[in-house]
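1. got a predicted structure plus its sequence, pasted below:
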Amino acid sequence: MDQVRASAGTLRLLDLAGFWLGHFVGPSVERCLQSLSVLRVLCLSFCREPDLGIWLQRCPTTQLVYLNLRAASVLQDANLAPVLAANPGLRYLNVGYSVLLSDATLRDVARHCRSLTSLDVSYAQRMTAQGLRDVWMSFPHLNEFGFSGFVGLMDADIVDLVTRLPGLRTIGIGGIPFLTDVALHSIADGCPLLESVYACDLHNVTRAGLMTLLRSCTRLHKVFMFRCVRLSPADIGMLKDKYPYVYEGDMLPDEFVRMENEFLR
């Protein structure tokens, strides 16, 4: 951490995914984050440090374009609010699997981060379907949107969403129990650029909806629909063979690494 701090005036990318070394390194991590004034890419997914929220809200950078906080379970709305307000140029935000973040964070994102192109809030336990409905019109530039687990959403919500976001390339709708083939048809009709779909645990979709999606979205190459009980084992096997899905949201995308490291361009 002392080495990171020594480079703080120029450091633009920091990946601490899964970081946890206990309380004895707390002060050094806090000093490090407080000195990162030009940081642009920060990955803290699965970070287990209990004081992470306090450290994060004291980070002085105003240049973040990428922030990954997936499964950083200690974060609260008040921790994230100043970071979002200070970084209006943020393009990528992942707060999926958060435990304490609520609709207040959704509202802060909508208020401050309208340049987002990628947002993942999947399985955020305290965020609600209504909270998501209230803000998704604020993100006209999204091409990646994951909101699996928002159990109150209905087919009509997906119809509305894809009407507003026809440029989506990635969508996550898994674990939303009331969705039917109507949702898949609307995605097929409204998202011609779609490349990736996460749609596990949808118990009311059928092979007809799946086939419509595959025929209409010719760019699709990643489809994950495990535990969709009305799809046959043959359908699931076909998807696994022809549309293999590997989740990469816990890792820094090559796009952002190349952007900040001139030697990889």
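-> Yes, it's here. Numbering: from 1, shown residues only.
2. low-confidence ranges in this structure?
-> By pLDDT under 70, the low-scoring segments of the chain are 1-9, 20-31, 261-265.
3. ends of stretch 166-173, what's the gap?
-> End-to-end distance for stretch 166-173: 16 Å, by CA to CA, to the nearest Å.
4. which positions in that stretch come out as buried?
-> If you call a residue buried by 16 or more other CB atoms under 10 Å, then stretch 166-173 has these buried ones: 168-173. Yep, even glycine has a C-beta here, placed from its N, CA and C like the rest.
5. pick out the most distant pair among those.
-> By the measure CB to CB, 169 and 173 form the most distant pair in those, at 14.3 Å.
6. tell me which of the buried residues of stretch 166-173 is nearest to residue 230?
-> residue 173 (15.5 Å).
7. state the distance from the closest one to residue 60.
-> 37 Å (CB to CB, to the nearest Å).
8. could you do residue 161 as well?
-> 35 Å.
9. now swap in residue 147 and tell me
-> 31 Å.
10. ok, these two, which is more surrounded?
-> Comparing residue 147 with residue 60 by other CB atoms under 10 Å, the one with more neighbours is residue 147, at 26 against 13.
11. counting neighbours, what do you get for the closest residue to the more buried one other than its chain neighbours?
-> Closest residue to residue 147 apart from its sequence neighbours, by CB to CB, 6 or more residues apart in numbering: residue 121 at 5.5 Å. Residue 121: 26 surrounding residues under other CB under 10 Å.
12. I'd say residue 121 and residue 132 touch.
-> Yes: at 7.1 Å, residue 121 counts as touching residue 132 under the criterion of CB atoms under 8 Å.
13. looking at it, residue 222 is touching residue 196, isn't it?
-> Yes: contact criterion CB under 8 Å: residue 222 and residue 196 qualify, at 4.0 Å.
14. intersection of neighbour lists for these two?
-> Common neighbours of residue 222 and residue 196, counting by CB atoms under 8 Å, 6 or more residues apart in numbering, are residue 245.
15. ok, the residue nearest the centre of the chain - contacts?
-> The residue lying closest to the centre of the chain (CA atoms, centre = their mean) is residue 120, at 2.0 Å. Residues counted as contacts of residue 120 (CB under 8 Å, 6+ apart) are 70, 93-96, 144-147, 172, 249.
16. buried ones in the helix or strand hosting residue 110?
-> Using DSSP states H and E, the element containing residue 110 is helix 103-112. Buried residues in helix 103-112, counted by 16+ other CB under 10 Å: 103-110, 112.
17. need the overlap of contacts for residue 121 and residue 132.
-> By CB under 8 Å, 6+ apart, the residues touching both residue 121 and residue 132 are 106, 147, 150.
18. so which of those is the closest to residue 257?
-> Checking the shared contacts of residue 121 and residue 132 against residue 257 with CB to CB, the nearest one is residue 147 at 25.9 Å.
19. ok, back up a step: residue 222 and residue 196 - which one has more neighbours?
-> residue 196 (22 against 17).
20. what does that one show for phi and psi?
-> phi -140, psi 130 (degrees, to the nearest 10).
21. residues contacting it?
-> Per CB under 8 Å, 6+ apart, neighbours of residue 196: 169-171, 220-223, 245.
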